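> Have a look at this prediction, sequence included:
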Amino acid sequence: MIRAEEPLIRVEGLHYTYQAGTPKPIPALRGIDLTVQAGEYVAVIGANGSGKSTLLRHFNALLLPTAGNVWVTKWNTRDTVHLRDIRSTVTMVFQVPDDQIVASVVEEDVAFGPENLGVPEDELHQRVDWALAAVGLTELRHRASRLLSSGQKQRLAIAAALAMQPRCLVLDEATAMLDPAGQTQVRKILHQLHQDGMTIISATHNMAEAVQAQRVVVLSEGRIAIQGDPRFVFAQEETLHALQLDVPYPTRMARMLATVIRDFPTDVLTVTELAEAISMHLGQPLELRPKPTTGVR
Ligand SMILES: Nc1ncnc2c1ncn2[C@@H]1O[C@H](COP(=O)(O)OP(=O)(O)OP(=O)(O)O)[C@@H](O)[C@H]1O
Ligand SMILES: [Mg+2]
């Protein structure tokens, strides 16, 4: 059930300082205001240490603000009475797949969370089937978890999070440890989940993933430096470079081509858009290959 334009997460004047009250406080967030609507897909990017993980950990009350407030739907994260509601609304997936696996068999790992919540058997089976299908692991459901590849383990971690039926999936560099094929699969899963109505917030260094978000939030030294749709954000190459961030590869290629081809467009974001710009330039119609099947869904 998606209600459009309903804030799922609301952050107001958020400051967070590690080691607050000690002689060496570390201010990690310095005044963040942010609203994420139900059904939105937000990518959070920023250099190492810019505050991405610290921000994300506020979304399910793993951290509480030093100053300011965070609401998950109507619950203030400071209100510990609603901790369980908050955590079942917003579920996190972390960077290291191994750290997130709790059971020795794939399907047991997916069932673990909802089983602990006392979800009845019938529904439990449905949830597990759905979550495994969503990440393309149905065929490996009886496999030993430790025998999975890193990419498969991360898909398992996503399935385990999905089985909790959260409204919002928060991922902290969930593709960082994966090989390119694993990264692509997880990226496609996130795209599909978003299409299906899931709210997604993903901190990532993978610009190909950031491009598929509806909104990109750029953090710098604990503040929002730029935010907007991917085309708006990635048009600001110089600013991004100053923040030690890259633009997506196709954007970079287009900018390089524009240095030698007059009027070549530089606002491309994807390989398809780059191919379209080249075919326009050559005056030849673009013949797209059929989309390859990925093995995921
Ligand atoms: N547990 C901690 N104790 C003290 N300082 C911390 C802790 N975790 C993070 N910091 C500091 O807070 C700031 C923000 O860190 P954070 O991990 O949120 O950044 P990040 O954007 O997620 O970085 P990365 O891209 O490396 O994951 C940094 O200065 C970091 O050194
Ligand atoms: Mg981080």
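Done, it's in. Ligands and ions are numbered 1, 2, ... in the order given.

> drop to CA atoms for contacts and neighbour counts, all remaining ones
Will do.

> How is this protein divided into domains?
Split into domains by automatic domain parsing, the chain comes to 7-247, 248-286.

> rank the ones you listed by pLDDT, which is bottom?
For these, mean pLDDT drops lowest on domain 248-286, to a mean of 91.

> Report how far apart the opening and closing residues of that domain are.
22 Å (CA to CA, to the nearest Å).

> How far away from the center of its chain is that domain?
How far domain 248-286 lies from its chain's middle: 27 Å, per CA atoms, centre = their mean, to the nearest Å.

> same question, stretch 80-93
The answer for stretch 80-93 is 17 Å, by CA atoms, centre = their mean.

> ok, and for it, which residues are buried?
Applying a neighbour-count criterion of 16 or more other CA atoms under 10 Å, one finds H82, L83, D85, I86, R87, S88, T89, V90, T91, M92, V93 buried in stretch 80-93.

> what's next to stretch 237-250, contact-wise?
G46, A47, M207, A208, V211, S220, F234, V268, L269, T270, V271, L274 (CA atoms under 8 Å, 6 or more residues apart in numbering).

> So which elements touch the helix or strand hosting S53?
S53 is part of helix 52-58, with elements assigned from DSSP states H and E. Secondary-structure packing of helix 52-58 (3 or more CA pairs under 8 Å, 6 or more residues apart in numbering; DSSP states H and E): strand 26-37, strand 41-46, strand 168-172, strand 199-203.

> Kindly export it (C-alpha atoms) in PDB.
Provided in PDB are the C-alpha atoms of helix 52-58 (Å, rounded to 0.1, in the frame of the first residue of the first chain):
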ATOM      1  CA  LYS A  52      26.600   8.700   5.200                       C
ATOM      2  CA  SER A  53      26.600   5.800   7.700                       C
ATOM      3  CA  THR A  54      25.900   8.100  10.600                       C
ATOM      4  CA  LEU A  55      22.900   9.600   8.900                       C
ATOM      5  CA  LEU A  56      21.500   6.200   7.800                       C
ATOM      6  CA  ARG A  57      21.900   4.800  11.300                       C
ATOM      7  CA  HIS A  58      19.500   7.500  12.500                       C
END
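
> Out of the domains of the chain, flag the one nearest ligand 1.
Closest approach to ligand 1 among the domains of the chain is made by domain 7-247 (3.3 Å; CA to the nearest ligand atom).

> from the chain's centre, how far out does that closest one sit?
For domain 7-247 - counting by CA atoms, centre = their mean - the centre lies 5 Å from the chain centre.

> Make sure A160 is actually in contact with V106.
No. Contact criterion CA atoms under 8 Å: A160 and V106 do not qualify, at 9.4 Å.

> Contacts only, for the closest residue to Q154 other than its chain neighbours.
Among residues not flanking Q154 along the chain, P97 sits closest, at 4.9 Å (CA to CA, 6 or more residues apart in numbering). Residues near P97 by CA under 8 Å, 6+ apart: S150, K153, Q154, A157.

> hmm, try it at 10 Å
149-158, 174-175, 177-178 (CA atoms under 10 Å, 6 or more residues apart in numbering).

> One more: S50?
A28, L29, V218, L219, S220, E221, G222, R223, I224, L243.

> which of those residues come close to ligand 1?
With the criterion set as CA under 6 Å from any ligand atom, the members of the contacts of S50 near ligand 1 are A28.
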